[in-house]
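Undergrad: next come a sequence and a model predicted from it.
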Amino acid sequence: MPHDVDVSPFAALARQFVAWCHAPHGEKSAGLMAQEALEQLVAVYAAGLQLQAVDFHPAPDLPDRSPEQNSRLTKNLSALPFQFYWEVLEPLSPDCRQEPGCGDLQDDFLDICNDLSEGLWLFDHGHATAAAFHWHQMFFHWGQHAANAMRVLQCFRLTHQAVSSPS
């Protein structure tokens, strides 16, 4: 596996996603919020698919997030157009009789934002290889949240457009 890799382009998209999550969204309409959220997810997810595997690289421990930071982030993400949605928890299972589970769009964005922020901290403190390792290793987690959120935001957009479009 490569040891040094340029993750600057990914870091820029991760930074953009994190900044969007931390920004107050004021009085944005549900449709605009869904559109922006989907655009942010698509960009960072597509870039995540291109992350190269790198060898583990030691780095300092990440700082703890303050309760105030989490509270502000949760408040900003409460502007998402909805919170809960239904999903099949094991979509690859051959059992067609699975019970649906409840997904949480706000939790999806919180987890993605936190995973990307941790890598940004490493990147910003001169540990680019450790950041690349972190983002690549955590893609199983934040990528799954992103995929779920993209699906339900697309469903929302299609439903919202159908309702708000003149016939």
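TA: Here it is on my side, so go on. Residues are numbered from 1 along each chain as shown.
Undergrad: lowest confidence element among the helices and strands of the chain?
TA: Least confident helix or strand of the chain, by mean pLDDT, DSSP states H and E, is helix 67-77 with a mean of 86.
Undergrad: helices or strands up against that one?
TA: On a contact count with 3 or more Cβ pairs under 8 Å, 6 or more residues apart in numbering; DSSP states H and E, helix 67-77 meets helix 8-22, helix 105-124. Bear in mind the C-beta positions are built from the backbone N, C-alpha and C, glycine included.
Undergrad: now distance to residue 140, mean pLDDT and mean neighbour count too, for those helices, in TSV please.
TA: Formatted as TSV, the helices and strands packed on helix 67-77 follow (distance: least, Cβ to Cβ, whole Å; pLDDT from 0 to 100; neighbours: other Cβ atoms under 10 Å):
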stretch	distance to residue 140	mean pLDDT	mean neighbour count
helix 8-22	16	97	17
helix 105-124	10	96	21
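Undergrad: what is the mean pLDDT for the longest helix seen in the chain?
TA: Of all the segments of type helix in the chain, defined by DSSP state H, the longest one is helix 128-164. Mean pLDDT, computed over helix 128-164, is 91.
Undergrad: what angle separates it from helix 105-124?
TA: Angle of helix 128-164 versus helix 105-124, following axes from the mean of the first three to the mean of the last three Cα atoms, to 10 degrees, is 150 degrees.
Undergrad: next one: helix 128-164 to chain centre, how far?
TA: Put simply, helix 128-164 sits 5 Å off its chain's centre (Cα atoms, centre = their mean, to the nearest Å).
Undergrad: now it against helix 8-22, angle please.
TA: Relative orientation of helix 128-164 and helix 8-22, computed by the same axes, to 10 degrees: 50 degrees.
Undergrad: with just CA atoms, put the least confident helix or strand of the chain into PDB.
TA: Extracted in PDB, the C-alpha atoms of helix 67-77 (Å, rounded to 0.1, in the frame of the first residue of the first chain):
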ATOM      1  CA  PRO A  67     -20.700  19.400  24.700                       C
ATOM      2  CA  GLU A  68     -21.200  22.900  23.400                       C
ATOM      3  CA  GLN A  69     -19.800  22.000  19.900                       C
ATOM      4  CA  ASN A  70     -22.100  19.000  19.700                       C
ATOM      5  CA  SER A  71     -25.000  21.000  20.900                       C
ATOM      6  CA  ARG A  72     -24.400  23.700  18.200                       C
ATOM      7  CA  LEU A  73     -24.000  21.100  15.500                       C
ATOM      8  CA  THR A  74     -27.200  19.300  16.500                       C
ATOM      9  CA  LYS A  75     -29.000  22.700  16.500                       C
ATOM     10  CA  ASN A  76     -27.800  23.500  13.000                       C
ATOM     11  CA  LEU A  77     -28.600  20.100  11.600                       C
END
